[in-house]
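1. have a look; sequence and predicted model below, questions after that.
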Amino acid sequence: MAKIVGAIMTSHVPMIGRAIANRNLQQDPYFKPFFDGLHPVRDWLARVKPDVAVLIYNDHGLNFFLDNLPTFAVGAAPVYHNADEGWGLPPFGSFAGDPRLSWHVIECLIEDEFDIATCQQVVVDHAFSIPMLLLWPDERPVRTVPILINTVQHPLPSPVRCAKFGRAIGRALESYEEDIRIVVVGTGGLSHQLEGTRAGFINKAFDLECIDSLATDPSRLTRYTSRELVALAGAQGVEILNWITARAALEGAVREIHRNYHIPISNTAAGTLLLEPLAA
Ligand code: DHB
Ligand code: FE
């Protein structure tokens, strides 16, 4: 049977993509504290060697625009191409899919009463490509399954709904009959707001509370509404919904392997968290 070996949460700021494209920038004092925080995660990945990464993230207008925006969607393509989104980044190529696992997840989620959109074509944006390149900078050894959550246009799913969705994703993955190792990756956050009168808003105290809650008691975060998350973390900081979902894929007690928090990368408080199920 498949096994979930851990959950990784990390930010997906396009400016990180610029430092990935120009490796010299990773030693720059501006980026170094963030990139240094990835080393323990890469060491863990080299040890645990997952076969598949399930990426939980929000599309930023590349596939879905405001006129057509599913709350939850699952990709089921053999390959996912990264496309230019206007951030000035070079396209980062393609990522292998795992359609068989995707359809298993889709069938389980629908059976579990999550009426998701199923996407046989998905172009992946920085919220997918940047975490993939942060985690596997030199090779692409894993197949991928993209799971997309609307964190963009209200009404957003609630944190409690995202936690239920994440647990259903976990159940679906654990019921897959192949002996594969799966890592769940939640991307986005932490606090940031890109526009309006609060552009540049960062809430360190709340970010640290989020990391602590996800590591020790995720139910604390599900007490908020999505609108409260917007107030506390910023209009785009509500991407923490992707972290809440990824965390909920892990059942039972977890062990914290690593955390890192650094302000700012671009407009964002950048964080990384790696949790492993205690049973692993
Ligand atoms: C930034 C952060 C994001 O999450 C994003 O999707 C785009 C830009 C930023 O801080 O620049
Ligand atoms: Fe984003």
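-> Perfect, I can see it now. Just so it is clear, the model here is predicted, and its values are computed rather than measured. Ligands and ions are numbered 1, 2, ... in the order given.

2. ok, and for the longest helix along the chain, which residues are buried?
-> Taking DSSP state H as the criterion, the chain has its longest helix at helix 159-174. Counting neighbours by 16 or more other CB atoms under 10 Å, one finds that the buried residues in helix 159-174 are 159-173. In this view, the C-beta of every residue, glycine as well, is placed from N, C-alpha and C.

3. that helix - what's its average pLDDT?
-> For helix 159-174, mean pLDDT is 98.

4. ok, stretch 216-236 next?
-> Mean predicted confidence for stretch 216-236 is 97.

5. got the CA coordinates for that stretch in PDB?
-> Coordinates of each C-alpha in stretch 216-236 appear next as PDB, following Å, rounded to 0.1, in the frame of the first residue of the first chain:
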ATOM      1  CA  THR A 216       1.400  20.800  17.400                       C
ATOM      2  CA  ASP A 217      -2.300  21.400  17.200                       C
ATOM      3  CA  PRO A 218      -3.800  22.200  13.700                       C
ATOM      4  CA  SER A 219      -7.300  22.400  15.100                       C
ATOM      5  CA  ARG A 220      -6.400  25.800  16.500                       C
ATOM      6  CA  LEU A 221      -6.300  27.200  12.900                       C
ATOM      7  CA  THR A 222      -9.600  25.700  11.900                       C
ATOM      8  CA  ARG A 223     -11.300  27.900  14.400                       C
ATOM      9  CA  TYR A 224     -10.800  30.900  12.100                       C
ATOM     10  CA  THR A 225     -13.000  31.800   9.100                       C
ATOM     11  CA  SER A 226     -11.300  32.400   5.800                       C
ATOM     12  CA  ARG A 227     -12.100  36.100   6.200                       C
ATOM     13  CA  GLU A 228     -10.400  36.200   9.500                       C
ATOM     14  CA  LEU A 229      -7.400  34.600   7.900                       C
ATOM     15  CA  VAL A 230      -7.400  37.400   5.300                       C
ATOM     16  CA  ALA A 231      -7.600  40.000   8.100                       C
ATOM     17  CA  LEU A 232      -4.700  38.300  10.000                       C
ATOM     18  CA  ALA A 233      -2.400  37.200   7.200                       C
ATOM     19  CA  GLY A 234      -3.300  39.400   4.300                       C
ATOM     20  CA  ALA A 235      -5.300  39.000   1.100                       C
ATOM     21  CA  GLN A 236      -2.700  36.500  -0.300                       C
END
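
6. quick check: phi and psi at Gln121.
-> phi -140, psi 130 (degrees, to the nearest 10).

7. can you tell me which residues contact it?
-> Ala77 (CB atoms under 8 Å, 6 or more residues apart in numbering).

8. likewise Val122?
-> 63, 73, 75, 77, 80, 146, 148.

9. residues contacting the longest helix of the chain, please?
-> Under CB under 8 Å, 6+ apart, the answer for helix 159-174 is 1-4, 54, 56, 72, 101, 104-105, 108-109, 112, 114, 147, 149, 157, 182, 184, 218-219, 221-226, 229, 241-242, 244-251.

10. coming back round to it: ok, so of the contacts of Val122, who is nearest ligand 1?
-> The closest of the contacts of Val122 to ligand 1 turns out to be Leu148 (CB to the nearest ligand atom; 13.2 Å).

11. so what's the residue count around that closest one?
-> Using other CB atoms under 10 Å, Leu148 has 28 other residues around it.

12. packing partners for the one helix or strand Leu214 maps to?
-> Element membership of Leu214, judged by DSSP states H and E, is helix 204-216. If you count contacts as 3 or more CB pairs under 8 Å, 6 or more residues apart in numbering; DSSP states H and E, helix 204-216 packs onto helix 226-233, helix 240-248, strand 254-265, strand 268-277.

13. so what's Leu274 bridging to?
-> For Leu274, the beta-bridge partners are Ile8, His258 (DSSP bridges).

14. secondary structure class for Ala53?
-> When classified by DSSP: H, G, I helix; E, B strand; the rest coil, Ala53 comes out as strand.

15. surely it meets Pro141?
-> No. Ala53 is beyond contact range of Pro141, at 9.6 Å (criterion: CB atoms under 8 Å).

16. the more surrounded of those two?
-> Ala53 (25 against 13).

17. run through the residues that contact the closest residue to the more buried one other than its chain neighbours.
-> Excluding its sequence neighbours, the residue lying closest to Ala53 (CB to CB, 6 or more residues apart in numbering) is Val142, at 4.6 Å. The contact partners of Val142, by CB under 8 Å, 6+ apart, come to 50-53, 96, 136, 183.

18. check what pLDDT Val142 gets.
-> 98.
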